[in-house]
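**Q** Sequence unavailable; structure follows:
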Ligand SMILES: [Zn+2]
């Protein structure tokens, strides 16, 4: 990996509880030592919670997340 931090994709998957177990353990290991990624995860979780509260479907949330990620890059 080029960055020591978690990928946006990983954080999004984690926030949506869609990460498979092995990847989730690795991600959580990193989160335990990295405040920066914990903040980013919190942001992703808030974003998803907001969309869910608005009654968006999971597919729409994923599309919104892709848009968000492409804006970050
Ligand atoms: Zn990190």
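**A** Thanks, I have it. Note that the coordinates shown come from a computational prediction; the quantities given were computed from them, not determined experimentally.
**Q** Tell me the residues of the protein that contact the ion?
**A** 5, 34, 36, 37 (CB under 5 Å from the ion). C-betas here are computed from N, CA, C, even on glycine.
**Q** quick one, what contacts the closest residue to the second one other than its chain neighbours?
**A** In space, not counting the residues next to it along the chain, residue 34 is nearest to residue 5; the distance is 6.7 Å by CB to CB, 6 or more residues apart in numbering. Going by CB atoms under 8 Å, 6 or more residues apart in numbering, residue 5 touches 30, 34, 36, 37, 40.
**Q** Are any of the residues you listed buried, and if so which?
**A** 37, 40 (16 or more other CB atoms under 10 Å).
**Q** For the residue nearest the centre of the chain, list the residues it contacts.
**A** The structure's the chain has its C-alpha centroid closest to residue 12; by CA atoms, centre = their mean the separation is 2.0 Å. Residue 12 sits next to 44, 48, 65, 69 when contact means CB under 8 Å, 6+ apart.
**Q** Take the residues you listed and write them to CSV, including neighbour count, pLDDT and secondary structure.
**A** Output for these, formatted as CSV (neighbours: other CB atoms under 10 Å; pLDDT from 0 to 100; DSSP: H, G, I helix; E, B strand; the rest coil):
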residue, neighbour count, pLDDT, secondary structure
44, 21, 93, helix
48, 20, 88, helix
65, 21, 81, helix
69, 15, 80, helix
